[in-house]
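Engineer: got a sequence here, can you build the structure:
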Amino acid sequence: MTILAYDLGASSGRALLGRLNEGKIEVEELHRFPNDPVQVGDRLQWDILRLLHELKQGLLKVKHRGIKLDSIAIDSWAVDFGFIGSNGELLGNPYHYRDHHTDGVMEQVVEELSASAIFAKTGIQFLPFNTIYQLAALKRADSPLLRDAKHFLMIPDLLRYFLTGEMFNEFSNATTTQLYNPVAGSWDEELIRAIGLSPEWFGKVVQPGAQVGQLRSSVCAELGIEPVPVYAVAEHDTGSAVAAVPALDRSFAYLSCGTWSLMGTEVSGPVINDLAQELNFTNEGGAYGTYRLLKNIMGLWILQECRRSWERAGISYDFPELVKLANVAEPFAAFIDPDDPLFLHPGDMPARIAEYCKRTGQKVPAEAGTTVRCILESLALKYRCVLELTEQLSGQSFNGLHMVGGGIQNTLLCQWTSNAIGKPVWAGPVEGSAIGNMIVQWIAGGKLSDIWEARKVIRGSFPVDVYEPVHHKEWDNAYRSFREKTGIA
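Structural biologist: Numbers count the residues shown, from 1 in each chain. As a prediction, the model looks like this:
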């Protein structure tokens with residue numbers, strides 16, 4: 001059973017072939033492409049039609065290789081969306097979650113509806129770019145999109161619609177909107193009406209593993225290919241990444257590491273209580289009835305944006321070079337809270353790090369190496385903080401941390417994370433989201449029995465690098481300093 005997984009991240013996308021061969025997973029990257037947002041006037045938008053074009057290029061590469069596909073699926077980042085009008089066409093390019101149009105809106109909505117009421121209905125972490133606040137921002141701006149909208153589709157839903165002509169909302173992504181009620185198992189119509197929208201726009205929610213159509217005849221005619229079944233998977237890329245965690249114990253902690261860092265544990269049902277709200281944890285849907293009790297952390301976005309800032313100034317570094325510079329820089333010289341709002345939007349990130357350090361009475365990083373070391377050390381120490389909170393909230397004690405995703409290629413971050421938490425880190429696989437996408441397709445096709453068999457197969461198919469903690473006393477002292485300087489309780 002040969003399948004195609006499209007894995008779309010906030011900075012790049014991939015089309016990967018997956019094959020099961022004698023109980024081992026084989027993954028081949030067929031097509032990779034950038035996913036750059038576009039600034040149009042005051043708005044930051046996704047180039048959604050370019051993404052559709054790249055999906056088609058992936059299908060053409062399959063065709064040119066003479067490969068027969070058994071199925072296709074897509075995963076992507078969460079919270080962003082598009083609207084389909086009455087004529088079946090897309091209404092405008094989807095806004096990027098880092099666009100400024102949501103500035104201040106979360107605070108307004110929370111004041112009107114109350115944080116406790118919103119959390120009790122959804123169990124979702126309060127973040128200013130959540131879908132609910134993007135939609136509320138459009139409503140408050142009297143956006144013409146809302147006057148013509150008939151159907152609400154998130155990014156994978158939208159791309160599937162372009163390919164199949166069928167409209168469905170997938171479960172794992174729907175839960176990230178802060179408009180889905182996991183207890184009721186449906187869209188929360190009362191909450192949707194409270195922000196001034198029509199519940200009729202929000203369609204049928206399907207679970208990972210459901211067949212949601214096949215390539216439409218116009219796409220097949222354009223590309224000269226045969227129809228292929230299209231499946232819903234855990235279409236939030238973190239949902240797919242967690243499905244691919246090669247854990248053998250039912251109780252495990254994970255860190256999906258990339259542009260965003262998402263840390264938590266897998267649970268059988270949402271944890272919606274006062275402590276979860278106080279700690280600002282989230283309950284996002286996963287594959288096969290699971291939930292991801294987790295916390296979003298800003299992640300390697302800060303480093304990526306620093307690199308872009310240096311490039312704009314005419315100084316080019318590749319990531320391995322930046323890691324080498326960080327490794328020889330002074331340790332524990334300054335810390336940031338990666339989740340400070342200062343770091344959310346695009347811009348001059350080195351200057352913002354300097355501003356944060358000045359504001360908190362710390363030594364300002366003067367060079368690229370010291371800046372990168374500040375970022376990576378701060379991330380590792382924030383991971384320790386969130387891991388401790390995850391244990392507190394879940395009532396579990398974890399003997400180590402599974403790290404998956406592209407960020408694990410930064411071996412220094414993996415080692416420093418192990419040092420910070422004082423426990424082993426098991427890093428792998430790198431292509432976690434794509435592999436999680438694939439295993440749901442194989443389970444749906446009857447090639448794997450369930451997610452736990454799939455995790456055993458993943459464990460036997462991909463290397464897992466083990467990082468043991470060293471210098472833990474120094475990192476323990478740094479953790480106390482980190483919390484003092486950043487004010488993290």
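Engineer: domains of the chain?
Structural biologist: By the assignment in automatic domain parsing, the chain contains the domains 3-231, 245-428+449-489.
Engineer: got those domains as CSV, with distance to I439, mean pLDDT and mean neighbour count columns?
Structural biologist: For the C-beta atoms, the positions are set from N, CA and C on the backbone; glycine is no exception. Output for the domains of the chain, formatted as CSV (distance: least, C-beta to C-beta, whole Å; pLDDT from 0 to 100; neighbours: other C-beta atoms under 10 Å):
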stretch, distance to I439, mean pLDDT, mean neighbour count
domain 3-231, 8, 97, 19
domain 245-428+449-489, 4, 97, 19
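Engineer: and of the ones you listed, who's closest to A434?
Structural biologist: domain 3-231 (4.1 Å; C-beta to C-beta).
Engineer: now do the same end-to-end measure for that closest one.
Structural biologist: 11 Å (C-alpha to C-alpha, to the nearest Å).
Engineer: same deal with stretch 400-418?
Structural biologist: 8 Å.
Engineer: just the CA atoms of the host helix or strand of N437, as PDB, please.
Structural biologist: In this structure, N437 is located in helix 432-444 according to DSSP states H and E. Coordinates of each C-alpha in helix 432-444 appear next as PDB, following Å, rounded to 0.1, in the frame of the first residue of the first chain:
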ATOM      1  CA  GLY A 432       7.000  13.000  12.800                       C
ATOM      2  CA  SER A 433       3.900  14.800  11.300                       C
ATOM      3  CA  ALA A 434       4.300  13.100   8.000                       C
ATOM      4  CA  ILE A 435       4.700   9.600   9.500                       C
ATOM      5  CA  GLY A 436       1.700  10.200  11.800                       C
ATOM      6  CA  ASN A 437      -0.200  11.200   8.700                       C
ATOM      7  CA  MET A 438       0.900   7.900   7.000                       C
ATOM      8  CA  ILE A 439       0.000   5.500   9.800                       C
ATOM      9  CA  VAL A 440      -3.600   6.800   9.900                       C
ATOM     10  CA  GLN A 441      -3.900   6.100   6.200                       C
ATOM     11  CA  TRP A 442      -2.500   2.600   6.800                       C
ATOM     12  CA  ILE A 443      -4.800   1.900   9.700                       C
ATOM     13  CA  ALA A 444      -7.700   3.100   7.500                       C
END
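Engineer: please identify the buried residues of it?
Structural biologist: Buried positions in helix 432-444, judged by neighbour count with 16 or more other C-beta atoms under 10 Å: 432-444.
Engineer: other SSEs contacting the helix or strand following that helix?
Structural biologist: Heading C-terminal from helix 432-444, the first helix or strand you meet, by DSSP H and E, is helix 451-461. The contact analysis (3 or more C-beta pairs under 8 Å, 6 or more residues apart in numbering; DSSP states H and E) places helix 451-461 against strand 24-34, helix 432-444.
Engineer: ok, and what's touching helix 451-461?
Structural biologist: If you take C-beta atoms under 8 Å, 6 or more residues apart in numbering as the criterion, helix 451-461 is touched by 20, 23-26, 243-248, 287-288, 290, 429, 435, 439, 442-443, 448.
Engineer: give me that answer again for 7 Å
Structural biologist: 23-25, 243-248, 287-288, 429, 435, 439, 443, 448 (C-beta atoms under 7 Å, 6 or more residues apart in numbering).
Engineer: pairing partners for the helix or strand following it, with directions?
Structural biologist: Downstream of helix 451-461, the next assigned helix or strand under DSSP H and E is strand 465-467. Note on strand 465-467: by DSSP bridges, its sheet partners are strand 425-427 (antiparallel).
Engineer: what distance separates the partner strand from the centre of its chain?
Structural biologist: Centre-to-centre, strand 425-427 and its host chain are 19 Å apart (C-alpha atoms, centre = their mean, to the nearest Å).
Engineer: distance of V386 relative to D337?
Structural biologist: To D337, V386 is 12 Å away according to C-beta to C-beta, to the nearest Å.
Engineer: mind listing what Q57 touches?
Structural biologist: Contacts of Q57 by C-beta under 7 Å, 6+ apart are H31.
Engineer: first-to-last residue distance for stretch 184-200?
Structural biologist: Note: stretch 184-200 ends 17 Å apart using C-alpha to C-alpha.
Engineer: ok, the contacts of helix 451-461 vs G209, which is closest?
Structural biologist: Nearest member of the contacts of helix 451-461 to G209, counting by C-beta to C-beta, is I443, at 6.1 Å.
Engineer: surely that closest one and G209 touch.
Structural biologist: Yes: in this structure, I443 is within contact of G209 by C-beta atoms under 7 Å, at 6.1 Å.
Engineer: so which of the domains of the chain comes closest to D237?
Structural biologist: So among those, domain 3-231 is nearest, using C-beta to C-beta, at 4.6 Å.
Engineer: chain center to the closest one: distance?
Structural biologist: With C-alpha atoms, centre = their mean, you get 12 Å for domain 3-231.
Engineer: for A313, give me phi and psi.
Structural biologist: phi -90, psi 0 (degrees, to the nearest 10).
Engineer: looking at the contacts of helix 451-461, which two lie furthest apart in space?
Structural biologist: K24 and Y288 (22.2 Å).
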